[in-house]
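Peer 1: Requesting a structural model of the entry that follows:
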Amino acid sequence: MTERPWDAFLTEADHAVLAKGRFGRRMGFGRRPAVLVIDAQRYMVGAEGEDAAWPSSCGAIGRAALAEIVRLTRAAQAAAVPCFFTRFELDPDGRDIGIYARKRDLLQSQHWCLTGTPGAELAPELTPHARDIVLVKKKPSAFHGTPLLGYLLDRGVDTVIVTGGATSNCVQATVFDAASYNLRAIVPQEAVFDRIPLSHAVALFDMDRQFADVLPSTEVLSWLATLRDGVAPGA
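Peer 2: Okay, here's the model as predicted:
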């Protein structure tokens, strides 16, 4: 079995708990997927050699994951699978930051997630198709306060492939909400990213244990290649 980011942290006792409770079973792909690209924005991935100027950049880790996200979105677009891109952005005066202001300063930087600044833009490597949708969100989950669920229902989606960052924040919040709406959640391991490796590993473990299938990106790409008009064979 391929080593997973969380394997190094689990003890024999942990494995026994997982086996006893029968955690981590595969839910599998459904019949009609959508790809969710969570906050793959310039403020999240910074720029080569300039990360010190981007206060929330995930650096090289983010840019490596971004390359995988580009591969996945292009494969999805070629298979007529809808893609939804979220952008987390806040008003420069902080009127919409809410409770987050009690945990994080409102950074007055063109390289953060302030509305109208370069930092709030999608990473330039991403190219939404004409049929794709870009959503602005104000909270961690892509579902909270957005029309995402309605769009998924309208398209008959039963499986969301969740990519982007950060793994332990907005990706995980989106996966948990997807499970609450009885959507299958697939997380391509190389297409999500975080600032802290421990946070990344534990978040992937928690999602895979209970609410999602964490899979190699190659496996997800192979499945997307089997779709016709956005629908799985035999569906």
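Peer 1: which residues of this structure fall in strands?
Peer 2: Listed in chain order, the strands of the chain (DSSP state E) span 33-38, 83-88, 133-137, 159-165, 184-188, 192-193, 213-215.
Peer 1: Which residue lies nearest the spatial centre of this structure?
Peer 2: Nearest to the geometric centre of the chain sits residue 163, at 3.0 Å (C-alpha atoms, centre = their mean).
Peer 1: Contacts only, for that residue.
Peer 2: Taking C-beta atoms under 8 Å, 6 or more residues apart in numbering as the contact definition, residue 163 lies against 35-38, 40, 65, 68-69, 72-73, 171, 187-188, 191-192. Placement of C-beta: from N, CA and C, glycine included.
Peer 1: how far away is residue 56 from residue 77?
Peer 2: 28 Å (C-beta to C-beta, to the nearest Å).
Peer 1: residue contacts, residue 54?
Peer 2: Listed by C-beta under 8 Å, 6+ apart, the contact partners of residue 54 are 42, 43, 46, 47, 111, 112, 119.
Peer 1: which residue packs closest to the fourth one, ignoring adjacent ones?
Peer 2: Setting aside the residues directly before and after it, residue 47 is nearest to residue 54 in space (C-beta to C-beta, 6 or more residues apart in numbering), at 6.8 Å.
Peer 1: Quick one, grab the pLDDT at the one you found.
Peer 2: At residue 54, the pLDDT value in this model is 97.
Peer 1: swap in residue 235?
Peer 2: In this prediction, residue 235 has a pLDDT value of 61.
Peer 1: of the contacts of residue 163, closest to residue 98?
Peer 2: residue 38 (18.7 Å; C-beta to C-beta).
Peer 1: surely that closest one meets residue 171?
Peer 2: Yes: assessed by C-beta atoms under 8 Å, residue 38 is found in contact with residue 171 at 5.3 Å.
Peer 1: what sits in contact with each of the two?
Peer 2: With C-beta under 8 Å, 6+ apart, residue 38 and residue 171 have common neighbours 162, 163, 164, 165.
Peer 1: Report how many residues lie close to residue 126.
Peer 2: 20 (other C-beta atoms under 10 Å).
Peer 1: what's it in contact with, if anything?
Peer 2: 37, 40, 66, 69, 70, 73, 85.
Peer 1: May I see those residues arranged in TSV, with distance to residue 204 and neighbour count as well?
Peer 2: What follows is those, written out as TSV (distance: C-beta to C-beta, whole Å; neighbours: other C-beta atoms under 10 Å):
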residue	distance to residue 204	neighbour count
37	17	30
40	17	26
66	17	23
69	16	29
70	21	18
73	20	25
85	22	25
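Peer 1: For the lengthiest helix in the chain, which outside residues touch it?
Peer 2: Longest helix in the chain by number of residues (criterion: DSSP state H): helix 59-78. The contact list for helix 59-78 (C-beta under 8 Å, 6+ apart) reads 33, 35, 37, 40, 44-46, 48, 51, 58, 82-83, 123, 125-127, 129, 132, 161, 163-165, 188, 190-195, 197, 217, 220-221, 224-225.
Peer 1: Buried among those residues? Make that a PyMOL selection.
Peer 2: To isolate the buried members of the contacts of helix 59-78 in PyMOL, using 16 or more other C-beta atoms under 10 Å:
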select buried, resi 33+35+37+40+44+45+46+51+58+82+83+123+126+132+161+163+164+165+188+190+191+192+193+194+195+217+220+221+224
